[in-house]
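A.B. asks: Predicted structure and sequence below. I'll ask about it afterward.
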Amino acid sequence: NAGVMQNPRHLVRRRGQEARLRCSPMKGHSHVYWYRQLPEEGLKFMVYLQKENIIDESGMPKERFSAEFPKEGPSILRIQQVVRGDSAAYFCASSIQGYHGYTFGSGTRLTVV
Amino acid sequence: GIQVEQSPPDLILQEGANSTLRCNFSDSVNNLQWFHQNPWGQLINLFYIPSGTKQNGRLSATTVATERYSLLYISSSQTTDSGVYFCAVGQGAQKLVFGQGTRLTINP
């Protein structure tokens, strides 16, 4: 079991470009969560998804950010028209139905230049 | 929303020392987890402990839900224990609110 896989590990984008972050949950995990960590800060919840459904997106910025978890394939966090303030580490976590313990991926470090 | 406070913010110890990290939260929760973020940025789940006491090797944790706090104990610290320790809590739907963390430095 490879754990939660995130890619890329590092991503550099120029202002105005799009960033796509991928997350493959652990085998058998049907719940996916995205968190953002700004430098020297704790993690902030962004969105909680199950297959083909967004359950809670209360932490997502209203514009430019979107997330999906399709029936097949990884979960995608998409940031359109990136700005310098989007520079952060983005972590994905997964869990199984009915158990609330998370397993985190290694994160994607996004740098906007 | 729920508030999570961790103390102390920073802790510097010599190898072999014991430490206690505290997490206070402002409302009742049904989900509490402790995580270790190592110097390379990886987040490791240490405990899922909404109540009671658990032990895993040199680490143990206790959550007193009625008094809204949790403690993480690290005994016989090693340099590999260095990093930031986060407490995270949740209510109902599985969103977690993280504290600001305790930065632990273990010197050889």
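C.D. replies: Nice, I can see it. Numbering: from 1, shown residues only, chains lettered A, B, ... in the order given.
A.B. asks: How about the residues of chain A by chain B?
C.D. replies: Listed as neighbours of chain B in chain A under the rule CB under 8 Å from any CB of the partner chain: A:31, A:33, A:35, A:41-45, A:48, A:55-56, A:58-59, A:89, A:91, A:95, A:99-104, A:106-107, A:109. Placement of C-beta: from N, CA and C, glycine included.
A.B. asks: Kindly give a single ChimeraX line that selects the buried subset of those.
C.D. replies: This is how ChimeraX selects the buried members of the residues of chain A next to chain B, with burial counted by 16 or more other CB atoms under 10 Å in any protein chain shown:
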select /A:31,33,35,42,43,45,48,56,59,89,91,95,100,102,103,104,106,107,109
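A.B. asks: Quick check: residues of chain B near chain A?
C.D. replies: Counting by CB under 8 Å from any CB, chain B sits next to chain A at B:30-31, B:33, B:35, B:41-45, B:48, B:50, B:86, B:88, B:90, B:93-101.
A.B. asks: what sits against the residue nearest in space to the middle of chain A?
C.D. replies: By CA atoms, centre = their mean, chain A has its centre lying nearest to residue A:34, at 3.8 Å. Contact partners of residue A:34, counting by CB atoms under 8 Å, 6 or more residues apart in numbering or on different chains, are A:23, A:46, A:47, A:67, A:75, A:77, A:90, A:91, A:92.
A.B. asks: Would you point out the most distant pair within those?
C.D. replies: A:67 and A:91 (13.1 Å; CB to CB).
A.B. asks: Run a quick neighbour tally on residue A:63.
C.D. replies: Residues near residue A:63, counting by other CB atoms under 10 Å in any protein chain shown, number 8.
A.B. asks: quick one: secondary structure of it?
C.D. replies: coil (DSSP: H, G, I helix; E, B strand; the rest coil).
A.B. asks: Report pLDDT for the residue of chain B most remote from its centre.
C.D. replies: Relative to the centre of chain B, the most outlying C-alpha is that of residue B:108, 22.2 Å out, by CA atoms, centre = their mean. The pLDDT attached to residue B:108 in the predicted structure is 94.
A.B. asks: Please give me every residue in contact with it.
C.D. replies: B:15, B:79.
A.B. asks: Distance across stretch A:97-109, terminal residue to terminal residue?
C.D. replies: With CA to CA, to the nearest Å applied, stretch A:97-109 spans 28 Å between its terminal residues.
A.B. asks: ditto for stretch B:63-77
C.D. replies: 21 Å.
A.B. asks: any residues touching it, and which ones?
C.D. replies: B:13-29, B:32, B:34, B:46-47, B:49-53, B:58-62, B:81, B:85, B:87, B:104, B:106.
A.B. asks: Buried residues in it, which are they?
C.D. replies: B:63, B:65, B:68, B:69, B:70, B:71, B:72, B:74, B:77.
A.B. asks: which SS state does the first one fall under?
C.D. replies: The local conformation at residue B:63, judged by three-state DSSP, is strand.
A.B. asks: any idea of the pLDDT on it?
C.D. replies: pLDDT, read off for residue B:63, is 98.
A.B. asks: how about the nearest residue to it, chain neighbours excluded?
C.D. replies: residue B:70 (4.1 Å; CB to CB, 6 or more residues apart in numbering or on different chains).
A.B. asks: I'd like to know how far the one you found sits from chain A.
C.D. replies: 15 Å (CB to the nearest CB, to the nearest Å).
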